[in-house]
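Asker: Sequence and predicted structure, then a few things I'm wondering about:
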Amino acid sequence: MSAKTAAQPPLPEAFLQRMQRLLAGEFDDFLSSYDLPAWSGLRANTLKVSLERLQTLLPYALQPVPWCAEGFSLSSGGQETPLPAPGKHPFHAAGLYYLHDPSAMAVVEVLDPQPGERILDLAAAPGGKSTHIAARLQQRGLLVCNEIHPSRIWELAQNLERWGAHNAIVCNETPERLASHFPGFFDRVLVDAPCSGEGLFRKTPASRKEWSLAVVQSCALRQSAILDQAARLVRPGGRLAYSTCTFSPEENEGVIAAFLQRHPGFQLAQIAVAPGLSPGRPEWLSPSAAAHPPGMASKLEARSLARIWPHLSCAEGHFIALLQRMDGTQPSLKTSIFPRSLPGESGKAWQRFAYENLRYELDAGRVAQVGSYLYALPEDTPAFGSLKLIHPGWWLGRLAHSARSGLPRVEPSHALALGLQPAGCQRSLPVDYPQAQRYLQGEMLAVQPGEEGWLLVNFNGYTLGWGKCTSGRVNNHYPRGLRTPAV
Ligand code: SAM
């Protein structure tokens, strides 16, 4: 038994045997789905653009994702002229959308973050769910985006920067250390767990080679350990969402059933029914299976769990559970506030920069200096003590010292540009499509220079980054690391 393969690795035989046993009559449809191409999608950034406007701006064929208000599936082909890949379009560089697997879009829909809340995305890189949460928060409240692996943290920071989130903190910590520092602090915590990735077999066929039953078992152990720490971070009455992109019952229903046994203060919360979301499969946890304590399956209700299947929806596959903390009566812990230091000279440098360049009101009390960097802190940012922070808020810029006067001056960050609309700066430079492409490649802007100073380069009214008009020319300040190579 094996699904069709050309140059790609075959589906693991042990995986197919298990899925055949579990899915029984559905198995043939499941297997046939591997003969079809993987779905891809994009999710609108409603911090920057409405859904209606995005649909009129983009040249791609978009189909709404039934379980996510901001989500679209992308259909390929059918166009007379080739289109730029959606990840290469200037609107992507402007942060109008995130390229996202439609299944993954269901997770934040279930988490349902509300503006003003404190949210923790515990396993956040590269930022799919974090950007979705940021859009739902609409710049109000606090979003802590954590990633344990230093090698993955910069992609997360970059994706949040492009998104234009003002209230996101990027952190590089272990779940244990976060839980010890922030017990009961968050209204909602998301664990989008590292998993055996069976839902990636169609999109990333190479991942088939990494799969084994032993990997499934070790992932389940790691997921349980992460969830135990996540539970400590949720306030009484708060919510904990758990998701994976795999099908194995051990990593899904099994992890949740065992969690409920260890944490009687939590219970499953209902997940709203939406087309394409299938119920969980608690019956797959055999009461006789040695790995699961007896009676575990009876604690789970199929409708309180969601599964997405490639043969039943326009997506690759996901599992989601939503838990609520029912125990504990104390209100959220009072934490100390992030130290706001802005020495006099630095404060003056920021004020001078803002006065000369910006048209955006930023509460001066929220600006803090960390090393040589300036940040706007989210409301009520707590102190992080010795936790490793990458960005404690909206990164505004870097303090550099003027060679002539010796006084500090502000070099604005790309994050500041991408968090502003063109009208947020005193000078802006609209560019057309070919100019936008050249700007994103790092070329000097061949335009008539205007008034000296920083300006926001924008395409169709959406900010791409900084330029600076100086000595009769406009210099390109699009970050070198983001520039697209010329074709
Ligand atoms: N939420 C991300 C998104 O939507 O873009 C995807 C997260 S990915 C499925 C799982 C993440 O868990 C990875 O970034 C991985 O580095 C992280 N991870 C791996 N081991 C971990 C651990 N022991 N504790 C916390 N996170 C871990």
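Answerer: Structure's in. What do you need?
Asker: Quick check: residues of the stretch 251-400 of the chain near the ligand?
Answerer: Nowhere does the stretch 251-400 of the chain come near the ligand, counting by CB under 6 Å from any ligand atom. Using the backbone N, CA and C atoms, a C-beta is placed for each residue, glycine as well.
Asker: quick one: low-confidence ranges for the stretch 251-400 of the chain?
Answerer: For the stretch 251-400 of the chain, applying pLDDT under 70 flags the ranges 287-298, 329-335.
Asker: Now do the helices in it.
Answerer: Per DSSP state H, counting those that start in this stretch, the stretch 251-400 of the chain carries helices over the ranges 253-262, 344-357.
Asker: got it, and the stretch 1-150 of the chain?
Answerer: Counting by DSSP H, counting those that start in this stretch, the helices of the stretch 1-150 of the chain are 13-23, 27-32, 51-57, 90-93, 105-111, 128-137, 150-163.
Asker: between those, which one is nearest to Leu312?
Answerer: helix 27-32 (7.9 Å; CB to CB).
Asker: if I look at Ser413, how far off is Ala349?
Answerer: For Ser413, the distance to Ala349 equals 14 Å [CB to CB, to the nearest Å].
Asker: picking up where we left off before, to Gln448, which of the helices of the stretch 251-400 of the chain lies closest?
Answerer: helix 344-357 (19.7 Å).
Asker: from the middle of its chain, how far away would the closest one be?
Answerer: 32 Å (CA atoms, centre = their mean, to the nearest Å).
Asker: so Gly472 sits right up against Gly450, yeah?
Answerer: No: Gly472 is not in contact with Gly450 according to CB atoms under 8 Å; the separation is 10.5 Å.
Asker: Tell me which of these two has more neighbours.
Answerer: Between Gly472 and Gly450, Gly450 has the larger neighbour count (other CB atoms under 10 Å), namely 12 against 8.
Asker: Next, give phi and psi for the more buried one.
Answerer: The phi/psi pair for Gly450 (degrees, to the nearest 10) reads phi -110, psi -140.
Asker: My read is that it contacts Lys468, right?
Answerer: No: in this structure Gly450 lies outside contact range of Lys468 using CB under 8 Å: 11.5 Å.
Asker: Where does the stretch 201-350 of the chain get nearest to the ligand, which residue?
Answerer: Ile226 (4.8 Å; CB to the nearest ligand atom).
Asker: Spell out which parts of the stretch 101-250 of the chain neighbour the ligand.
Answerer: Residues of the stretch 101-250 of the chain lying near the ligand (CB under 6 Å from any ligand atom): 104, 123-129, 147-149, 152, 175, 192, 194, 222, 226.
Asker: can you do 5 Å?
Answerer: Ala123, Ala125, Pro126, Gly128, Lys129, Ile148, His149, Asp192, Pro194, Ile226 (CB under 5 Å from any ligand atom).
Asker: Could you tell me the end-to-end distance of stretch 199-210?
Answerer: 13 Å (CA to CA, to the nearest Å).
Asker: Show me what it is in contact with.
Answerer: Outside stretch 199-210, the residues within contact range by CB atoms under 8 Å, 6 or more residues apart in numbering are 8-12, 15, 33-34, 36-38, 40, 101, 103, 197, 211, 244-247, 310, 316-318.
Asker: repeat for stretch 141-150
Answerer: Outside stretch 141-150, the residues touching it (CB under 8 Å, 6+ apart) are 113-125, 127, 130, 133-134, 137, 153, 156, 160, 165, 167-175, 178, 186, 378-381.
Asker: Leu227: what secondary structure?
Answerer: helix (DSSP: H, G, I helix; E, B strand; the rest coil).
Asker: My read is that it contacts Val255, right?
Answerer: Yes: using CB under 8 Å, Leu227 makes contact with Val255 at a distance of 6.7 Å.
Asker: Now for those two: what residues contact both?
Answerer: By CB under 8 Å, 6+ apart, the residues touching both Leu227 and Val255 are Ala193, Tyr242.
Asker: For the residue of the stretch 201-350 of the chain closest to the ligand, give me its contacts.
Answerer: Here Ile226 is in contact with Leu122, Ala123, Pro175, Val191, Ala193 (CB under 8 Å, 6+ apart).
Asker: Can you report how many residues lie near the first one?
Answerer: The one in question is Leu122. 27.
Asker: Buried residues, stretch 263-275. List them.
Answerer: His263, Phe266, Leu268, Ala269, Ile271 (16 or more other CB atoms under 10 Å).
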